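Q: Next come a sequence and a model predicted from it.
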Amino acid sequence: MRGVPYLCLLLVICAGPLLAVEGTWVVNGPSRVRLISPYVAAAEGELRLGLHVRLEPGWHIYWKNSGDAGYPPAVTLSGAAVSEGRVMWPAPRRFDLPGGLVAFGYEDEVVYPLRARLGGMGAERVELAADVDYVVCEVDCIPYRAQLALVQPLAEEAVADARTAPLLARWEARVPRAVETVAEVETGGAIVRENGAAALEVWFDGVEPAPAGTGLFFEPQEVLELGRPRARATEDGVAWRVPLAPLLAGRSLPERAALAWTATGLRRDGPLPALEARREVGAGRGAGARSGRRASGAPRARRGLWLVLVAGLLLNLAPSVLALRLAQWSGGGPGGGRRGATAEVAGTLAAVAGAAALAPLAGHPPLDGSWGPPIANPAVSASLAVLTLALALDLWGMVGSPLAGPHAAPGRKDFTLLRRRAVTGAWAALLALAWTPPWLGLLLAGSELPARLAAAALLALGVALPGFAFAWWRRRRELRAGAATAEPAPRPALQEALGFLAAAGVVWLLHLLARRVGPEALAGVELALLGLALCAWLGHRARRGGMLRAALLLGLLACALAAPWLAYQGQL
Amino acid sequence: MRIRTLRLLPFAAALAALLAAAPACAKGAAGEAAPAFALPDLAGKTHNLSDYAGKVVVLEWINPNCPFSARHAREKTMSELTQRHGRVVWLAINSTSASHPNYLEPAEHLAWSRENGIDYAVLYDPKGTVGQAYGAKTTPHMYIVDEQGKIAYNGAIDDDPSGRKAKPQRMNYVDLGLTAEQAGRQPDPAATKPYGCSVKY
């Protein structure tokens, strides 16, 4: 008799599949779909159902906003006494497609919760049917149609199904909750303008970002073209900045626009479910300026300004920048004393300011925490590769450069030297563009302009600080010696070795470029760089022949311009 | 100019290129000037958009391996429109990357076109530069370029992504747009959300 309860339990477990109200799987290529019900017996009133989809690995199916391709599943529920059927949409994930396209949806498995109204019963069961149009994509996109059926037993009181109810509940939990249902969490949005570029600023206050990252998804709308959201933590929560443009050219942005968004990856004393909101947004000042509790600018950036300085210092360790620095100091020192160091800082600042001013032209907000993103532009990457290769060639003695230090060390107060120091500072800043301190984006992304300017100045100062330190050290040495110390002898072997360090910077840039351009364009850029090096070497070898040298210079110039052009033409 | 100064030219050139690297932003929006292009067709003949200045041009992004393009080819959706709007220049553009499994050699595409009765020009853009310039997202993705060379319509071919409706019940946006163009009106709607496979850049 002691075994009876176990036997009963075993019977219940074995009988589970028989009791469960599940439709038959319909297999369509890489997808299987069926209807499920969480009830062994359903009661009159609201009816919960699920559209269960399983996909082969690599395939995805769509959210209510499918993104740039595909379309969301269309479900038509029917059956006697069934009405008001609608689909609910669990929070999706983002799929980045080739060509900068994007899709929103689900992979592997999803249950779309369905809601309907069941009424006017009197029968023991009801036959439910769902007509489903959907598309699944991997390399190909394939549209399918499935006609699903389910026989749902009925009762006075609903009885949950032990197997399907938890499955459906799990996916219902992923359906975004209205933000109004979560205490002390608020959301809003505003259309902001910065340097002529419009953006949508969306913020959630009273939350913090989950370590795994956040997501922001917009429901379909026909007013605005919305770009990729870029998140940042604010003092009050999380904010996203979304590039936007009117869908029709020549039309100005609307004064107000009704938008709906879903945010994922938020925390407040633990993980929060996906939150959704519908808001009418108009022109505003964005998350950084709207709150009286918050000072203008980027609080995180303000708190972490010393980190920005450290970031600037660390950029000197990037191979190409380090090669420049070591070459400066090994070949007679940078020279110019404190005035020289000041000139170098000025050059660095000027380059950073120039990059900030030009960033909007390349489609980036100025100094948007993005010391690195400008090199997402293939033409910029290729141009930086040319600059870095020029440094390597200079260190190998093949081209004359305007840089201070590697070769000549004129009188320390010579104006030419000061000018060279300024150019060196600018050069170092441009070389540093190819390297990104990991925390910089987090500190600065999307923060207000004054904070970004302050951070950029500190970053430039950090890049230039070794020059100051070296000048100070030399001055101390001179004071101790009671006279100007002799210039150390240039060390050609060391400088040539440093040329290889600079060349490592070229390899890094080509590695970055390989992700952004096609193989033919990459080969073209490499050939242009090789041609540039060849022209420089031949020019260096040519002892005479003005015409020949002029021709080689033209070739050099052509190669230097061809590299960014080829990269731009071949971008993916 | 001294040779020493000339040696700085590559540095200056690289800097100039660095400063000049500024791609355009908004792509293919209705009301924009249609980006110029010169692309070869399946026979190798180059078609410039400027060749068709003063005419209404329809651009159809196409990929024979995309079931959406294939369905419209089977249903003659585009071919019938070319006949209905006889004066319109109809160009299909295949921006599938040559490295993508969907890529067809021009001869294979030609065979597919003949099989489906497609007699308008199909242009090849395997680098995807023209597709990117127009912001083409799906196959099919349709554009109407008006007689002034401006994009008059950008979006889907019709309102029936799944192809469930009978053809007369579909709202064919390109048909509406071309009819409006011929009547001297702006297409309405001028922009819709295109549907289909993503362009295989």
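A: That came through fine.

Q: what about the helix ranked longest in chain A, distance to the chain center?
A: Secondary structure of chain A per DSSP state H: the longest helix is helix A:449-481. Centroid separation between helix A:449-481 and its chain, computed with Cα atoms, centre = their mean, to the nearest Å, is 31 Å.

Q: Quick check: what element follows that helix along the chain?
A: The helix or strand immediately downstream of helix A:449-481 is helix A:492-514, counting by DSSP states H and E.

Q: any idea of the mean pLDDT for that next one?
A: For helix A:492-514, the mean pLDDT works out to 83.

Q: buried stuff in the longest helix of chain A?
A: A:449, A:451-468, A:470-471, A:474 (16 or more other Cβ atoms under 10 Å in any protein chain shown). C-beta: built from backbone N, CA, C; applies to glycine.

Q: try stretch A:174-186
A: Of the residues in stretch A:174-186, A:174, A:175, A:176, A:179, A:182, A:185 count as buried by neighbour count, 16+ other Cβ under 10 Å.

Q: Which stretches in chain B count as helices?
A: Taking DSSP H, the helices of chain B run over residues B:3-6, B:9-20, B:67-74, B:77-84, B:106-115, B:129-134, B:173-182.

Q: will you turn the ones you listed into JSON lines that also has distance to residue A:32 and mean pLDDT?
A: Formatted as JSON lines, the helices of chain B follow (distance: least, Cβ to Cβ, whole Å; pLDDT from 0 to 100):
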{"stretch": "helix B:3-6", "distance to residue A:32": "69", "mean pLDDT": "48"}
{"stretch": "helix B:9-20", "distance to residue A:32": "53", "mean pLDDT": "50"}
{"stretch": "helix B:67-74", "distance to residue A:32": "19", "mean pLDDT": "95"}
{"stretch": "helix B:77-84", "distance to residue A:32": "30", "mean pLDDT": "94"}
{"stretch": "helix B:106-115", "distance to residue A:32": "30", "mean pLDDT": "95"}
{"stretch": "helix B:129-134", "distance to residue A:32": "34", "mean pLDDT": "94"}
{"stretch": "helix B:173-182", "distance to residue A:32": "34", "mean pLDDT": "95"}
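
Q: so which of those helices comes closest to residue A:327?
A: helix B:9-20 (15.5 Å; Cβ to Cβ).

Q: pLDDT value on the residue nearest to residue A:265 when sequence neighbours are not counted, please?
A: Sequence neighbours aside, residue A:214 is the residue nearest to residue A:265 in space, at 3.7 Å (criterion: Cβ to Cβ, 6 or more residues apart in numbering or on different chains). You'll see residue A:214 listed with a pLDDT of 89.

Q: Quick check: phi and psi on the residue lying closest to residue A:219 once chain neighbours are set aside?
A: Spatial nearest neighbour of residue A:219, excluding adjacent residues (Cβ to Cβ, 6+ apart): residue A:260 at 4.0 Å. Main-chain dihedrals, residue A:260, degrees, to the nearest 10: phi -130, psi 130.

Q: Run through the helices of the stretch 51-200 of chain A in chain order.
A: A:164-172 (DSSP state H, counting those that start in this stretch).

Q: about what we covered before: show me the contacts for the residue nearest to residue A:219.
A: A:218, A:219, A:221, A:276, A:277, A:278, A:279 (Cβ atoms under 8 Å, 6 or more residues apart in numbering or on different chains).

Q: I figured the fifth one hits residue A:187, correct?
A: Yes. Under the criterion of Cβ atoms under 8 Å, residue A:277 lies in contact with residue A:187, with a separation of 4.6 Å.

Q: Please say which of the two ends up with more neighbours.
A: The neighbour count for residue A:277 versus residue A:187, taken as other Cβ atoms under 10 Å in any protein chain shown, is higher for residue A:187 (23 against 20).

Q: Measure how buried residue A:306 is and give me the count.
A: Using other Cβ under 10 Å: residue A:306 sits among 10 other residues.

Q: pLDDT score assigned to residue 170?
A: Since no chain was named, I'll use chain A. Residue A:170 is assigned 95 on the pLDDT scale.

Q: right idea, wrong chain: chain B
A: Looking at residue B:170, its pLDDT stands at 95.

Q: Now it, what are its backbone angles?
A: phi -80, psi 150.

Q: just residue A:258 next, same as before
A: The phi/psi pair for residue A:258 (degrees, to the nearest 10) reads phi -90, psi 120.

Q: Enumerate the beta-bridge partners assigned to it.
A: residue A:280 (DSSP bridges).

Q: So out of everything in chain A, what residue is nearest chain B?
A: Nearest to chain B, among the residues of chain A, is residue A:99, at 2.9 Å (Cβ to the nearest Cβ).

Q: And for that residue, the neighbour number?
A: Neighbour number of residue A:99 under other Cβ under 10 Å is 21.

Q: check contacts around it.
A: When contacts are counted by Cβ under 8 Å, 6+ apart, residue A:99 touches A:572, B:128, B:131, B:132, B:198, B:199, B:201.

Q: repeat that for 10 Å
A: Residues near residue A:99 by Cβ atoms under 10 Å, 6 or more residues apart in numbering or on different chains: A:68, A:571-572, B:95, B:97, B:128, B:131-132, B:135-137, B:198-201.

Q: right, and out of these, which lies closest to residue A:308?
A: residue A:571 (30.4 Å).

Q: residue of chain B with the smallest distance to chain A?
A: Nearest residue of chain B to chain A: residue B:201, at 2.9 Å (Cβ to the nearest Cβ).
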